[in-house]
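Novice: Sequence and predicted structure below; questions after.
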Amino acid sequence: MPYQTSPEIDFSSVGLVVDVPSNAIPTGGWSNSLNVRPRNGSVQGVNAFANDIVLHPTDSNIANGEAKAVCQFTPSGGDNLIIAYIVKGVNGNGSVVLYDTGGSGNSRWNDITNSTAVNVFTFDDDYPPQIFVFNQLLIVNPGTDAPPQFTDAKVGAGSLAPIPGWLTDSNSSPIICRILRPYNQRLIAMSIKEEHGAGTSDDVYQPIDFLFSSHITTISSLTAVQWTASTTNTAGDAFLNATPGKILDGGQWGEFFIAYKTDSVVRVRETGDTSVLAIESIFEDDGIYSTRCFANIGNSQHLVVGNYGIYIHDGQSERQDIAKDLFKDTMYALVKASERNRTFVFQQTRDKEVWLCLPTTSNSTTGCDLAFVYDYSSGKIHKRTLPGLTDLFETELDGTLKIYGTKSGTTLQTLSNSVLESGGYFERQDDNLGDNTKVKCINRVEVNSKGSVKIALTGTQHLSDSKTYTDVTFNPATDHKVDLRTSGRYMNLRVSMNGTTNPELSKLQFKVKAMGVR
């Protein structure tokens, strides 16, 4: 029987599938991959992170510290893009720094940390700090041993101050909230800790407590905010006690607020009457894996990493599990159990991606070293490395997408828009090429690729056989194929990037001859 050319196989059509046997993956799917993704009809590399903004030019405590959280902030009346970030200083205390992208010299950095004792905070990996903009003010919630703070009107050195009217315990000490989030014209504080006196013996933790402030009606001001309920305001509190799990996070969803517990999901809405808020439990068979493990992906939908799956819901009783038989089991098995609370979700809106960032069992950083990336416009998945990130934030500067990240080290990270991670690859293993009974001999692969790539193909007789790959470089400027020779019942393909060259590979064809039935 002569050699025949197989039908074209589109290797950008399916993406990564890791929770089913490799010989059962749909045609074009990958059984393994790293740092490549299916995008725009081809297999492409993923953008690389690089060092960017130093944490501080002169303060050694901050400069040699570790950034923990980041967001965009432009003060009221300002013109330039300001990057706001929280740093764990060398002394272990938190600092909040503003970086002016339009400034010059050392004046670009502004340390707004308030050193008054009640404002000093430290860190706990189980309760990461939050930093966000609300009502044109920068809000910082340490999440551990200090109350929520905000920028006052001048946004200068030491300008962070406790939120007005903040609640205190019976010892007149400010209470601690693990999570603080905005909702409509109010703030929501969840998972409360009362520290009382010195030491931890008298601490009181109320993990299902849900506090809400009064409505805030003055632009760029929190002066009138109240937290203690009365007949003249809309503040109050509730216990989310329908299930025993603790509150881990929450966020806006259309007109509602969704609170995520370890074991359930709760919907909150404004009533417009004296009841103020109505609270309804919508799921009681799963909640959220860890703090920061959800994203608002538009169309009034949240994507959530739960304890038993990754799901999309619309705040009603229905939800869609997007990871079952695709990557769920593999992803959970990779997480280092002792560091699970470092996991977080990041939404990359330009490419309609949600990154499920996690510390793997081999992680040696203080953040996350791997992300499963879900393209929610196509349903495809890929996997990429991370440089130990603890937080990510997306914004725009002069028409260009900017993604800033925090990690251990002396600089903020920026995701490049042009440079790719080197050496990315995908594999398709145990492919019988449509016939499980015959031994196939392949002597050529036709390659449809704009960039140079490395092709490796090896045949095996049994599904349990080990695979040994030998790369052959394909140069699209001079070649349309690679010549090689291998035989077996099953074919095992690896396509690798040639350094940082974007492969833009779409389809492959194989020159095949059936050798007979064995």
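Specialist: Right, received. Where do you want to start?

Novice: For the stretch 351-500 of the chain, which segments are assigned as helices?
Specialist: Assigned by DSSP state H, counting those that start in this stretch, the stretch 351-500 of the chain shows no helices.

Novice: For stretch 237-252, measure first residue to last.
Specialist: 18 Å (C-alpha to C-alpha, to the nearest Å).

Novice: what is the rounded mean pLDDT of that stretch?
Specialist: Average pLDDT, stretch 237-252: 96.

Novice: That stretch: how far from the chain's middle?
Specialist: 22 Å (C-alpha atoms, centre = their mean, to the nearest Å).

Novice: now stretch 183-201
Specialist: The answer for stretch 183-201 is 25 Å, by C-alpha atoms, centre = their mean.

Novice: contacting residues around Gly251?
Specialist: For Gly251, the contacting residues are 181, 257-258, 294, 296, 302, by C-beta atoms under 8 Å, 6 or more residues apart in numbering. Any C-beta I mention is one placed from the backbone N, CA and C, and that applies to glycine too.

Novice: In the host helix or strand of it, which residues are buried?
Specialist: Secondary structure assignment for Gly251, by DSSP states H and E: strand 247-253. Across strand 247-253, burial judged by 16 or more other C-beta atoms under 10 Å covers 247-251, 253.

Novice: Pairing partners for that strand, with directions?
Specialist: strand 256-261 (antiparallel) (DSSP bridges).

Novice: helices and strands around the helix or strand following the strand it pairs with, which ones?
Specialist: Using DSSP H and E, the helix or strand that follows strand 256-261 in sequence is strand 265-270. Identification of packing neighbours for strand 265-270 by 3 or more C-beta pairs under 8 Å, 6 or more residues apart in numbering; DSSP states H and E yields strand 256-261, strand 277-283.

Novice: Could you check how far Val354 is from Asn443?
Specialist: 42 Å (C-beta to C-beta, to the nearest Å).

Novice: wait, Ala295
Specialist: Distance, Ala295 to Asn443, using C-beta to C-beta: 47 Å.

Novice: what about the closest residue to Gly488 other than its chain neighbours, neighbour count?
Specialist: Nearest residue to Gly488, sequence neighbours excluded (C-beta to C-beta, 6 or more residues apart in numbering): Gly459, at 2.5 Å. Using other C-beta atoms under 10 Å, Gly459 is surrounded by 18 other residues.

Novice: just the contacts of Gly251 now: which is nearest Leu277?
Specialist: Set against Leu277, the nearest of the contacts of Gly251 by C-beta to C-beta is Phe257 (8.2 Å).

Novice: I'd say the closest one and Ile279 touch.
Specialist: No - here Phe257 lies out of contact with Ile279, judged by C-beta atoms under 8 Å, at a distance of 9.5 Å.

Novice: what's the overlap in contacts for the two?
Specialist: 267-268.

Novice: ok, these two, which is more surrounded?
Specialist: Set side by side, Phe257 and Ile279 give different neighbour counts by other C-beta under 10 Å, the larger being at Phe257 (25 against 17).

Novice: For the more buried one, list the residues it contacts.
Specialist: Taking C-beta under 8 Å, 6+ apart as the test, what Phe257 contacts is 181, 183-184, 188, 250-251, 267-269.

Novice: the strands in the stretch 201-350 of the chain, which residues?
Specialist: For the stretch 201-350 of the chain, applying DSSP state E, counting those that start in this stretch gives strands covering 204-212, 236-239, 247-253, 256-261, 265-270, 277-283, 294-298, 301-305, 310-313, 319-321, 344-348.

Novice: Would you mark the buried spots in stretch 111-118?
Specialist: So for stretch 111-118, counting by 16+ other C-beta under 10 Å, buried means 111-114.

Novice: Would you map the strands across the stretch 51-200 of the chain?
Specialist: 66-72, 82-88, 94-100, 109-111, 130-134, 137-141, 149-151, 160-162, 176-183, 186-194.

Novice: Parallel or antiparallel, which strands does the fourth one pair with?
Specialist: Same thing as strand 109-111. strand 94-100 (antiparallel).

Novice: The longest one too?
Specialist: Partner strands and pairing direction for strand 186-194 (DSSP bridges) are strand 176-183 (antiparallel), strand 204-212 (antiparallel).

Novice: now the second one
Specialist: When pairing is defined by DSSP bridges, strand 82-88 lines up against strand 66-72 (antiparallel), strand 94-100 (antiparallel).

Novice: need these in a markdown table with mean neighbour count, can you?
Specialist: Below are the strands paired with strand 82-88 laid out as a markdown table (neighbours: other C-beta atoms under 10 Å):
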| stretch | mean neighbour count |
| --- | --- |
| strand 66-72 | 23 |
| strand 94-100 | 23 |
